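S.K.: fold the following.
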Amino acid sequence: MKSEIIGSAKQPDGYRFEPIFEQVAPYIQEHDFAIGNLETTFSDATWHDDGILKPKGSNRWKEQRHPVTRYPIFSCPDELAPALKRSGFDFFSTANNHCMDGGGKGLVRTLDVLDRYELKHTGTYRSRRDAHTSMIIPVKGIKLGIAAYTLGTNSIPVPKAWQVNRLNPSRMLADVKALREQADLVIACLHFGQEYRTTPTARQRRLMQLLFQHGVNVVLGAHPHVLHPVISKKMKDRYGRTRLRVAASSLGNFLTTRLKKNPKTLQGMILSLTIEKNKHGITDITKIDQRLTTVQRVEDQGRTVFSIIPD
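M.R.: As a prediction, this is how the structure comes out:
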């Protein structure tokens, strides 16, 4: 979460993020289940594990850089979580290159805050047991299996390897196999690709193809910060099941400031999938809708106001 956006939500008694989502919330709320990518932490603005404390008071949420890696460190007030819940989100992928920005303690605290507001999550974990437990979510009689992985953690060491799901194909395929045995439809949330590139890389395409061959139905991608075309096609997996496969290798940015002076980084997408189970018990995607979003920034009486505007 960029510090400018946090500052725009400041109130005398705390932070209020709901107005940012006010115009887009109805489109999220109309869905039975909404998944997002949480590319920030609720680590209380503290770099715990290296003993480096961020400033308190008015500069508490000022964006800083890691003293070794020099990547920006993201953290956000806890008030963002209930705002996301009220806006219609149900679930978050927490595996991304900023998930370790608060260190190991910050990672755990982020999960604690999500749990407090009944937001389900996967991709980062408190325990080895959690990391090896398949995430199955029942939604109106259909069981969704969800897994999440990241290309890295901005060179920040992970105390225990199981705390963060990395893009390890053999591990991913083992997870997908376990999900397939329990779920009607499998979704893989992948934080991967090349920043600011508007099409998937060859490596992204190969990985998505591999996952589809092993039974994944949907790939939801993040990290490039710009939109990629959403591609869907009927495909038979190695188990002989022909289903519609959806490759959304990058859904752009949902909430951000302009990056690299590139206006495309202010654009995102709400990808809507209609999933049905027929009388024979076969589950498939029957409809795909795409609604573009744009982050709007205006100055109102000397105050910066951010809003997510649906097209």
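
S.K.: tell me the secondary structure at Gln204.
M.R.: Secondary structure, DSSP: H, G, I helix; E, B strand; the rest coil: Gln204 is helix.

S.K.: hmm, it is touching Ala222, no?
M.R.: No. The pair Gln204 / Ala222 is not scored as a contact, 11.6 Å apart, by C-beta atoms under 8 Å. For every residue, glycine as well, the C-beta is placed using N, CA and C.

S.K.: now the helices: where do they sit in the stretch 51-200 of the chain?
M.R.: With helices called from DSSP state H, counting those that start in this stretch, the stretch 51-200 of the chain shows them at 80-86, 103-116, 128-131, 169-180.

S.K.: any chance of a markdown table for those helices, columns mean pLDDT?
M.R.: Converted to a markdown table, the helices of the stretch 51-200 of the chain look like this (pLDDT from 0 to 100):
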| stretch | mean pLDDT |
| --- | --- |
| helix 80-86 | 99 |
| helix 103-116 | 96 |
| helix 128-131 | 98 |
| helix 169-180 | 98 |
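
S.K.: which one of those helices lies closest to Thr153?
M.R.: Of all these, it is helix 103-116 that lies closest to Thr153, at 9.5 Å by C-beta to C-beta.

S.K.: what mean pLDDT does the top strand by length along the chain have?
M.R.: Scanning the chain for the strand with the most residues, using DSSP state E, yields strand 283-300. Regarding strand 283-300, the rounded mean pLDDT is 97.

S.K.: strands paired with that strand, and their directions?
M.R.: strand 267-277 (antiparallel), strand 303-310 (antiparallel) (DSSP bridges).

S.K.: buried set for it?
M.R.: Residues Thr283, Asp284, Ile285, Thr293, Thr294, Val295 are the ones in strand 283-300 that count as buried (16 or more other C-beta atoms under 10 Å).

S.K.: could you do stretch 89-107 as well?
M.R.: Neighbour-count burial for stretch 89-107 [16+ other C-beta under 10 Å]: 89-104, 106-107.

S.K.: is it possible to export the buried residues of strand 283-300 to a markdown table including distance to Lys264?
M.R.: Formatted as a markdown table, these follow (distance: C-beta to C-beta, whole Å):
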| residue | distance to Lys264 |
| --- | --- |
| Thr283 | 35 |
| Asp284 | 32 |
| Ile285 | 27 |
| Thr293 | 13 |
| Thr294 | 10 |
| Val295 | 11 |
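
S.K.: the nearest residue to Ala183 once chain neighbours are set aside bridge partners, please.
M.R.: Counting by C-beta to C-beta, 6 or more residues apart in numbering, Gly145 is the residue found nearest to Ala183 once chain neighbours are left out, at 3.0 Å. In this entry, Gly145 is beta-bridged to Ile136, Val186, by DSSP bridges.
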